[in-house]
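Undergrad: Sequence and predicted structure are below.
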Amino acid sequence: MRAVVQRVTRARVTVDDEIVGEIKQGLVVLLGVAHDDTKADADYLAPKIVSLRIFDDSEGKMNVSLKDIGEINGGLLVVSQFTLYGDVRRGLRPSWSEAAPPAIAEPLYEYFVESSRRLVTRVATGSFRKMMQVELVNDGPVTIMLDSRKLF
């Protein structure tokens, strides 16, 4: 399972001109599921993401997590993104062979979302398998990449 995590001042996801998920300050998580991922991958990533110390403390140092800034001040927006497993090492057209098919990816995506909701109160989502427009204001910018297999 892979995640691109961006610290944001605000973000939203729109499907067919309707806002389906929105947060103010917090984190946007673009989440990709591999064909051989399990719940253990989500169990590793969800607590790690909400505990990342990437928000500023009172001295301006990145030392505060999403869990620390509280439910009033922080939200999580999780968006499924199978393209995180696009492989272009052998040409210009991405191969999606490592990405999970929807029958595997969707339940694991939902499990990740539910696991995140047990850790922080405000969790919004995109719409799985839909064409989405994701708007965000990256704060910093701060962007962190994580992989449940610890590849990076």
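TA: Thanks, I have the structure now.
Undergrad: what ranges do the strands span in the chain?
TA: Applying DSSP state E to the chain gives strands spanning 2-15, 18-23, 26-32, 55-56, 62-64, 75-80, 123-125, 133-147.
Undergrad: Out of the ones you listed, flag the one nearest residue 86.
TA: strand 26-32 (8.9 Å; CB to CB). For glycine as for every other residue, the C-beta is placed from the backbone atoms N, C-alpha and C.
Undergrad: and the closest one, which strands flank it?
TA: Strand pairing for strand 26-32, determined by DSSP bridges: strand 2-15 (antiparallel), strand 75-80 (parallel).
Undergrad: looking at those, which is buried most?
TA: strand 75-80 (a mean of 25; mean count of other CB atoms under 10 Å).
Undergrad: and the angle for that strand with strand 133-147?
TA: Strand 75-80 runs at 90 degrees relative to strand 133-147, counting by axes from the mean of the first three to the mean of the last three CA atoms, to 10 degrees.
Undergrad: now strand 75-80 against strand 18-23, angle please.
TA: 130 degrees.
Undergrad: rewinding a little: mind giving me JSON lines with the strands paired with strand 26-32 and columns for mean pLDDT?
TA: As requested, the strands paired with strand 26-32 are exported to JSON lines (pLDDT from 0 to 100):
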{"stretch": "strand 2-15", "mean pLDDT": "98"}
{"stretch": "strand 75-80", "mean pLDDT": "98"}
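Undergrad: Could I get these in CSV, plus columns for distance to residue 143?
TA: What follows is the strands paired with strand 26-32, written out as CSV (distance: least, CB to CB, whole Å):
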stretch, distance to residue 143
strand 2-15, 5
strand 75-80, 14
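Undergrad: in the chain, what spans have low per-residue confidence?
TA: Scanning the chain with the threshold set as pLDDT under 70 gives 71.
Undergrad: Specify the beta-bridge partners of the residue nearest in space to the middle of it.
TA: Note on the chain: the residue nearest the mean C-alpha position is residue 29, at 1.6 Å, using CA atoms, centre = their mean. In this entry, residue 29 is beta-bridged to residue 5, residue 78, by DSSP bridges.
Undergrad: List the residues that contact it.
TA: Contacts for residue 29 (CB atoms under 8 Å, 6 or more residues apart in numbering) come out as 3-5, 49, 76-79.
Undergrad: Which of the strands paired with strand 26-32 sits closest to residue 95?
TA: Among the strands paired with strand 26-32, if distance is taken as CB to CB, the winner is strand 2-15, at 15.2 Å.
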